[in-house]
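K.L.:
dropping a prediction and its sequence here:
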Amino acid sequence: MSELSLAQNHALDLARTLMVPVTLFEVDGEIGVMPSAEYDGDEDAIINEYDPFAYGSAH
């Protein structure tokens, strides 16, 4: 499993756990994730945003 796919899986899991949208981003070759409401970085650094309400039930 690649670093990106692992980060994507964890980002979706975090969004579902916190029940808030989270943003997956990359800066200087490093991948990070944080609640979307707190992200104020470069829009071009965003890989994806995960909204727990857009994916339906977690179970």
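P.N.:
Arrived safely. Residues are numbered from 1 along each chain as shown.
K.L.:
when you work out contacts or count neighbours from here on, use the C-alpha atoms and nothing else.
P.N.:
OK.
K.L.:
give the buried residues for stretch 21-33.
P.N.:
Burial within stretch 21-33, assessed by neighbour count using 16 or more other CA atoms under 10 Å, is assigned to P21, V22, T23, L24, F25, E26, I31, V33.
K.L.:
and for P52, the neighbour number?
P.N.:
If you count neighbours by other CA atoms under 10 Å, P52 ends up with 20.
K.L.:
right, and it touches T23 too?
P.N.:
No - the pair formed by P52 and T23 falls short of the contact definition of CA atoms under 8 Å, at 11.6 Å.
K.L.:
okay, now I47: neighbour count?
P.N.:
I47 is flanked by 15 other residues according to other CA under 10 Å.
K.L.:
name the helices or strands packed onto the helix or strand where it lies?
P.N.:
The secondary structure element spanning I47 is strand 46-50 (assigned by DSSP states H and E). Contacts of strand 46-50 with other secondary structure elements, assessed using 3 or more CA pairs under 8 Å, 6 or more residues apart in numbering; DSSP states H and E, are made with helix 3-18, strand 22-27.
K.L.:
average pLDDT across the first one?
P.N.:
Averaged across helix 3-18, pLDDT comes to 94.
K.L.:
return the set of buried residues in it.
P.N.:
A7, Q8, A11, L12, D13, L14, A15, R16.
K.L.:
what's the angle between that helix and strand 22-27?
P.N.:
150 degrees (axes from the mean of the first three to the mean of the last three CA atoms, to 10 degrees).
K.L.:
list of residues touching helix 3-18?
P.N.:
Among residues not part of helix 3-18, those counted as contacts by CA atoms under 8 Å, 6 or more residues apart in numbering are P21, V22, T23, L24, I31, G32, V33, P35, Y50, D51, P52, A58.
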